[in-house]
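1. coords please:
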Amino acid sequence: MLELCCIPQACCRVRANYLGPLVERLADYLLKRGYKRECIKQYLRAAEHFGRWVGTHRIAPAAVDEAVARQFLHRHLPHCHCVVAAPRCRILVRAALRHLLCCMGHQTGHIGGHVVISPAVQSIIQEFDQYMQKTCGLSEQTRVCRRRYARELLQSTFGQRPVRWGRLTPALIMKFVAAYARRCSPATGAIAASAIRSLLRFAQLHGFCETRLGQAVPRIPAWKRGQNSQRLTDAQVRDILGSFDRATAIGRRGYAMALCLADLGLRVSEVVALRLEDLDWRKASVHIARSKNRRARVLPLPRRVGAALAAYLRHDRPASTHRHLFLRLRAPLGEPVGKDLIQGAIRQAYAACGLSRSFAGTHVLRHAAACRMHQLGVPLKQIADLLGHRSLDSTVVYARANLHQLAMAALPWPKGVRL
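-> Just a heads-up that it's a prediction; the model follows:
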């Protein structure tokens, strides 16, 4: 397949490269995923550059991994004086190396970070991740967030030195969390504090540190129950749904994804996780697998949502071995969509309606669905079941949006009483 995207001279040059077989495999990998020829050429040139550097340093092809790719990105690329011209854009080269490592069977992470994570810190983070998954049962998204803050604390404290838990002091931990509380929103500061608290519980469980260290993590106040959050009106929701161009495949897919958020009240992670077998067309229901609260649930499939999903499945979903409901329509073609793609589609809809200054995330569509149900008189317990809340405390926040019912519930002012 190399001849489909390169001229004969380039094909000979690729095959003569130190990583020639891997670079040729990369070309097949990219062609099958629908990448355009010009993009493939750029990726192959970056991979050739990497192959020449690997050969110069006499690194065995089997030993090429994320650490080697990171070393090339941060030590060689910024100071490259190679005679043969090659792409120098860090983003392009990083993407090419990530694809190359995928061809080799590596599960790649973020290989382009400016800070090189020490092996000692990386080992602790891997053990911490297993603890969160097997002992705490946390979702992948929660683990990604907590790994980030834990890695930042350990890396800023120990750098490339061995991890010695005795050097972590209450004052250092309080300083780290307080720095987030000063420069971020209270909610973000609370998330960072929760992640560090979880890391220290893991360390205490394994005998790495004392209990008092975990008690030093400050609690960041975030009074979200006392704030009237801005919400979408029914007219704004209609405008957002109407902004998708349903004459195109991408528009029909975006419309179907937006309906899952606005009508079913799903989280964006639940939309990403939807699979073909989750739809029961005979019973007009959709099965939501274990998500944030680790509890599965079955929701009714409204006619409008079912029609949008059926139109997408009949005309737009590409052929793929993946069982996920929503797939990419551009390179990498046929791969499951991610949260970033859905969030980007919703942000474009906000911009088309002139709402980009007021709203940015997808959760407001779920919030609007819950408020609409409450205004129609649906009991809070049923709303909690539909949204997948384990506690009614998470659902009562939507009662504040129904000002009409709250006004009716208020007692009249006693006659003859003056302030």
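
2. can I get the CA coordinates of the strand or helix carrying Leu153 in CSV?
-> If you go by DSSP states H and E, Leu153 is part of helix 140-158. In CSV, the C-alpha atoms belonging to helix 140-158 read as follows (Å, rounded to 0.1, in the frame of the first residue of the first chain):
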residue,chain,number,x,y,z
GLU,A,140,-11.8,5.8,33.6
GLN,A,141,-12.5,9.6,33.4
THR,A,142,-12.2,10.0,37.2
ARG,A,143,-9.0,8.0,37.2
VAL,A,144,-7.5,10.2,34.4
CYS,A,145,-8.3,13.3,36.4
ARG,A,146,-6.8,12.0,39.6
ARG,A,147,-3.7,10.6,38.0
ARG,A,148,-3.1,14.0,36.6
TYR,A,149,-3.1,15.8,39.9
ALA,A,150,-1.2,13.0,41.7
ARG,A,151,1.5,13.0,39.0
GLU,A,152,1.9,16.7,39.2
LEU,A,153,2.3,16.6,43.0
LEU,A,154,4.9,13.8,42.9
GLN,A,155,6.8,15.2,39.9
SER,A,156,7.0,18.7,41.4
THR,A,157,8.2,17.3,44.7
PHE,A,158,10.7,14.6,43.6
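
3. Mind giving me the packing neighbours of that helix?
-> On a contact count with 3 or more Cβ pairs under 8 Å, 6 or more residues apart in numbering; DSSP states H and E, helix 140-158 meets helix 119-130, helix 170-183, helix 186-205. From N, CA and C alone the C-beta is placed, and that goes for glycine too.

4. separation between Pro61 and Leu44?
-> Distance, Pro61 to Leu44, by Cβ to Cβ, to the nearest Å: 16 Å.

5. okay, the two: which has more neighbours?
-> Shown here are Pro61 and Leu44; by other Cβ atoms under 10 Å, Leu44 has more neighbours (25 against 14).

6. for the record, mean pLDDT for the helix or strand in which that one is found?
-> Assessed by DSSP H and E, Leu44 sits inside helix 37-56. For helix 37-56, the per-residue pLDDT values average out at 94.

7. Identify the residues contacting it?
-> Contact with helix 37-56 is made by 4-6, 10, 13-14, 17-20, 22-23, 26-27, 30-31, 35, 61, 64, 68-69, 72, 76, 80, 82, 84, 86-87, 92-93, 95-97, 99-100, 331, as judged by Cβ atoms under 8 Å, 6 or more residues apart in numbering.

8. repeat for stretch 265-278
-> By Cβ under 8 Å, 6+ apart, the residues outside stretch 265-278 that reach it are 139, 141, 257, 260-261, 286-289, 291-292, 323-326, 336-339, 342-343, 362-363, 366, 369-370, 373, 386-388.

9. please redo it, this time with the cut-off set to 7 Å
-> Identification of contacts with stretch 265-278 by Cβ atoms under 7 Å, 6 or more residues apart in numbering yields 141, 257, 260-261, 286-289, 291-292, 323-326, 337-339, 342-343, 362, 366, 369-370, 386-387.

10. what's the span of it, first residue to last?
-> 16 Å (Cα to Cα, to the nearest Å).

11. How about the contacts made by Tyr29?
-> The contact partners of Tyr29, by Cβ under 7 Å, 6+ apart, come to 99, 103.

12. That one falls within a helix, correct?
-> Yes. Assigned with DSSP: H, G, I helix; E, B strand; the rest coil, Tyr29 falls within a helix.

13. Name the nearest residue to Leu232, sequence neighbours excluded.
-> Of all residues not flanking Leu232 in the chain, Ala368 sits nearest, at 4.2 Å (Cβ to Cβ, 6 or more residues apart in numbering).

14. number of nearby residues for the one you found?
-> Ala368 has 23 neighbours, counted by other Cβ under 10 Å.

15. isn't it right up against Gln236?
-> No. Using Cβ atoms under 7 Å, Ala368 makes no contact with Gln236, being 8.1 Å away.

16. picking that back up, I'd like the distance from the helix holding Leu44 to the chain centre, please.
-> 28 Å (Cα atoms, centre = their mean, to the nearest Å).

17. now stretch 340-355
-> Worked out by Cα atoms, centre = their mean, stretch 340-355 lies 16 Å from the chain centre.

18. which residues of the stretch 301-419 of the chain score low on pLDDT?
-> 398-419 (pLDDT under 70).

19. I meant the stretch 1-150 of the chain, not that one.
-> Applying pLDDT under 70 to the stretch 1-150 of the chain flags the ranges 1, 107-116.

20. mind redoing it with 50?
-> Applying pLDDT under 50 to the stretch 1-150 of the chain picks out residues 114.

21. Beyond the helix or strand hosting Gly344, next helix or strand please.
-> Here Gly344 sits within helix 339-352, counting by DSSP H and E. Next along the chain after helix 339-352, taking DSSP H and E as the criterion, comes helix 363-375.

22. now the angle between helix 339-352 and that next one, please.
-> Relative orientation of helix 363-375 versus helix 339-352 (axes from the mean of the first three to the mean of the last three Cα atoms, to 10 degrees): 70 degrees.
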